[in-house]
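K.L.:
Mind folding the following:
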Amino acid sequence: TNNAPIEDFIANVPTNGKFLYSAFYDFTNEDVIKMFEDSGVKTKVERGERVFPVSDSAKDVADAMKKNALLPNVKWVRAAAEKLVIKDGSVCGVKTDKGIIEGDGVILASGGKSYPLTGSDGSGYKIAENAGHTIIPPKPSLIPIVTKEKWPSEAMGLSLKNVRLSVIDKKEIFSDFGEMLFTHFGISGPIVLSASAHMKNADKKNYKIKIDLKPALDPQQLDRRICRDFEKYANKQFINSLDDLLPKALIPIVADLSGIDRRKAVNSVTKEERRRLGEIIKNLTLTFDGFRPIDEAIITSGGVKISEINPSTMGSKIVKNLYFAGEIIDVDAYTGGFNLQIAFSTGHLAGSSI
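P.N.:
Residues are numbered from 1 along each chain as shown. I've put the predicted structure just below:
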C-alpha cells in the first residue's frame, strides 16, 4: 500500500477516484498495514511513502493472505469460472468447468487483463457482461512505452535517477521527477509507467516525451556548467568532453543529436553549438509509437462501468447479490501501492456487505 493520508488516495486514482471514497474509508491503508503486521509480516516505508514488507519478499505477503483465508468455515475450490447462475434477477451460484457452485452471494474479483499467467486474463469481463453489465474497453495502464526513435536501444539497461519527464499533446499533460530506464523498445521505469496512465488516446500517437537530464539546473546554469567542462577538456575532442556531464551510454547519443562533429576540438565549439547541446540535455525528445503488449502492463484501465455498481457496498445495481472487487472495476491508479489498496478496500467492502 502507500502511507499517504487516506484523503490523498482519491487524487492518485485518475480514473473514477471519487467512486472509491466509501471503500477507502471502510478499509484504510492503516488497516492493511495492521492486517499484515498481525499476520507476522513486518512493514517498512520507502521513497514516495510506498509500504513494503521488511523482508522484501512477495511470498511473505502471499503466505499471510492465504493463512488469513484458510479458516475452518472456508472451502477452497480450484475450478475455472464460466458464467454466473442467475434466477429471477438474483445470482445464486457460479457454473465452473467442474460443475455448479451454489451461493447466496458472489464476488467477481478476477482482476484485469494484465497478468494472464495468474488467471487475470480478462475472462471476468465476459462473465460480468453476460450478467448484463457494461464493460468499458480494457486498455493497458502503467506500461512501458515504445518510441519511434531507435536510439534508446543503444542505451539499453541505462537507469536514470533524478530526471524530469514530461508528456506533451499540444500542451503538457504530465510531468514528474524520478527514475526511468532505457530499453530495447523505448523507455520504462517508475515515471514512465506513471506517464502512461495519462496517455488515454494512444491510438492517435501524437505524444511527445521530453526528458530533462539536468532538472536542478536552469538553461543559464547548465550553460555555465558546460563552459566549465569545456575549459577542463579544452584540448580534447568534443566527444571526450562530456564524461563529467552525462552517463557514458548517453554521450554518443546526445553528441549526435546536438549535430556537433564528435571529433571537433572542444575549443572550436561555437556558442550556438553549445546552446544547442544545452537544449538537447534539457529537452531530450522522444516520439510515442505505442505501448507494450497489455500482458506487460502493471494494471488494466477499463472494466465494469462504475454507474452500475453501488459504491457503498460494491454491489451490482443490475443483479442482486452480485458484488465486484479490484481491477475488474473501471478504476485505476498511479504506481506506488494505490492499485493494491483499491483491491484490498473494495474486497473488504464487498465481503462485509455480503
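K.L.:
Grab the nearest non-local neighbour of the most centrally placed residue in the chain.
P.N.:
In the chain, the residue lying closest to the centroid (Cα atoms, centre = their mean) is residue 142, at 2.7 Å. Take residue 142 and drop its neighbours on the chain: the residue closest to it by Cβ to Cβ, 6 or more residues apart in numbering is residue 298, 3.8 Å away. Yep, even glycine has a C-beta here, placed from its N, CA and C like the rest.
K.L.:
What helix or strand is residue 223 located in?
P.N.:
helix 219-232 (DSSP states H and E).
K.L.:
Run through who's touching that helix.
P.N.:
With contacts defined as Cβ atoms under 8 Å, 6 or more residues apart in numbering, helix 219-232 is touched by 214, 217, 241-242, 244-245, 266-267, 269, 274-275, 277-279, 281-282.
K.L.:
Tell me which of those fall in helices.
P.N.:
Here DSSP state H is the test, and those give 274, 275, 277, 278, 279, 281, 282 as lying in helices.
K.L.:
Save those as CSV, and put in pLDDT too.
P.N.:
Formatted as CSV, those follow (pLDDT from 0 to 100):
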residue, pLDDT
274, 95
275, 95
277, 97
278, 97
279, 97
281, 98
282, 98
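K.L.:
Now do the longest helix along the chain: which elements does it pack against?
P.N.:
Ranked by residue count and defined by DSSP H, the top helix of the chain is helix 338-353. Judged by 3 or more Cβ pairs under 8 Å, 6 or more residues apart in numbering; DSSP states H and E, helix 338-353 is in contact with helix 21-26, helix 29-38, strand 106-108, strand 322-324.
K.L.:
Let me know the distance separating the nearest residue to residue 245 once chain neighbours are set aside from residue 221.
P.N.:
Using Cβ to Cβ, 6+ apart and skipping the chain neighbours, the partner closest in space to residue 245 is residue 229 (5.7 Å). Here residue 229 is placed at a distance of 13 Å from residue 221 (Cβ to Cβ, to the nearest Å).
K.L.:
Looking only at neighbour counts, state which of the two leads.
P.N.:
residue 229 (15 against 12; other Cβ atoms under 10 Å).
K.L.:
From residue 265, how far out is the more buried one?
P.N.:
Distance from residue 229 to residue 265, by Cβ to Cβ: 14 Å.
K.L.:
how about the helix or strand hosting residue 64: buried residues?
P.N.:
For residue 64, the host element (DSSP H and E) is helix 58-69. Buried residues in helix 58-69, counted by 16 or more other Cβ atoms under 10 Å: 60, 61, 64.
K.L.:
can I assume the second one is in contact with residue 36?
P.N.:
Yes: with contact defined as Cβ atoms under 8 Å, residue 61 counts as touching residue 36 (7.0 Å).
K.L.:
Find residues that contact each of these two.
P.N.:
Joint contacts of residue 61 and residue 36 (Cβ under 8 Å, 6+ apart) are residue 53.
K.L.:
ok so, going back, please tell me how far the longest helix of the chain is from the chain's geometric centre.
P.N.:
19 Å (Cα atoms, centre = their mean, to the nearest Å).
K.L.:
Stretch 15-27 now?
P.N.:
19 Å.
K.L.:
tell me the average confidence for it?
P.N.:
On average, the pLDDT along stretch 15-27 is 96.
K.L.:
And the contacts of it?
P.N.:
Taking Cβ under 8 Å, 6+ apart as the rule, stretch 15-27 contacts 6, 9-11, 13, 141, 301, 306, 309, 311-312, 314, 329-333, 341-342, 344-349, 352.
K.L.:
Show the buried residues in those.
P.N.:
Buried, going by 16+ other Cβ under 10 Å: 6, 9-10, 13, 141, 301, 306, 309, 311, 314, 329-333, 341-342, 344-349, out of the contacts of stretch 15-27.
K.L.:
so where's the stretch 151-300 of the chain shaky on pLDDT?
P.N.:
Within the stretch 151-300 of the chain, not a single segment meets pLDDT under 70.
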